[in-house]
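Asker: got a sequence here, can you model it:
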Amino acid sequence: MTRRRGLLLSGAVTLVLFGVLTALDLRMRDAGGPGIVGFEFAWDQRGASEILAGWGEDGRDAARLSLWLDFIYLVAYAALGTLAVGGVRELARRRGLPRIASAGAAVIAFPAAGASFDAFEDVALLIALEGEGGDTAPMLAAICASLKFTLLSAAIVYIVVGLIAARRARARAA
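Answerer: Numbering: from 1, shown residues only. Model prediction:
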């Protein structure tokens with residue numbers, strides 16, 4: 001499979017799952033609580049319990065389905081991010097941007113690392129969703145969510161900056 005096809009396939013799967021997860025998030029909000037990100041940052045048993053009580057059964061069911069689907073979503077977005085970073089890294093090499101290409105050697109691992117933290121976060125949230133894990137499960141989820149968002153944000157910044165720099169280099173060469 002080519003990088004282009006991989007980007008298209010992983011991008012399509014990511015987009016479809018994002019739509020489904022967004023619909024589930026709306027169910028959680030309609031049930032009377034925050035969306036899944038609010039649950040990710042409950043930080044302790046008290047915060048998690050308040051969210052679970054606000055959601056009621058329908059919100060908890062939506063959260064449970066969202067967390068299980070997130071295991072597929074994280075594979076899709078990790079593939080998309082890794083392929084995109086790799087593409088920008090290669091483009092930077094071709095356009096004579098050695099610092100951006102060099103940074104890509106480290107950044108290419110960020111989407112997969114972020115997805116790994118997301119998987120740990122999902123497990124911790126599934127435990128908290130069942131009212132188990134005390135303060136540990138929500139705290140672990142929040143720490144993993146923080147690391148996930150940091151790594152994924154850094155990868156997105158790299159992609160955007162790399163594409164802008166490559167476009168400028170191309171314009172200068174023309």
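
Asker: which non-adjacent residue is nearest F149?
Answerer: The shortest distance from F149 to any residue other than its chain neighbours is 7.7 Å, reached at G114 (CB to CB, 6 or more residues apart in numbering). Using the backbone N, CA and C atoms, a C-beta is placed for each residue, glycine as well.

Asker: mean confidence for the host helix or strand of the one you found?
Answerer: Following DSSP states H and E, one finds G114 within helix 110-129. Helix 110-129 carries an average pLDDT of 98.

Asker: residues of it that come out buried?
Answerer: Buried residues in helix 110-129, counting neighbours by 16 or more other CB atoms under 10 Å, are found at 110-129.

Asker: state the distance from the closest residue to V13 other than its chain neighbours to I143.
Answerer: Of all residues not flanking V13 in the chain, A76 sits nearest, at 4.2 Å (CB to CB, 6+ apart). Look at A76 and I143: by CB to CB, to the nearest Å, they are 23 Å apart.

Asker: ok, the two, which is more surrounded?
Answerer: A76 (20 against 15; other CB atoms under 10 Å).

Asker: which strand or helix spans that one?
Answerer: Going by DSSP H and E, A76 is in helix 45-94.

Asker: that helix packs against which elements?
Answerer: helix 3-30, helix 36-40, helix 98-107, helix 110-129, helix 136-173 (3 or more CB pairs under 8 Å, 6 or more residues apart in numbering; DSSP states H and E).

Asker: pLDDT of that helix, averaged?
Answerer: 97.

Asker: tell me what angle that helix forms with helix 110-129.
Answerer: 170 degrees (axes from the mean of the first three to the mean of the last three CA atoms, to 10 degrees).

Asker: re the thing from before, distance between the helix holding G114 and the chain's centre?
Answerer: 9 Å (CA atoms, centre = their mean, to the nearest Å).

Asker: do stretch 41-50 as well
Answerer: With CA atoms, centre = their mean, you get 21 Å for stretch 41-50.

Asker: stretch 65-84 now?
Answerer: On CA atoms, centre = their mean, the centre of stretch 65-84 falls 7 Å from the chain's centre.
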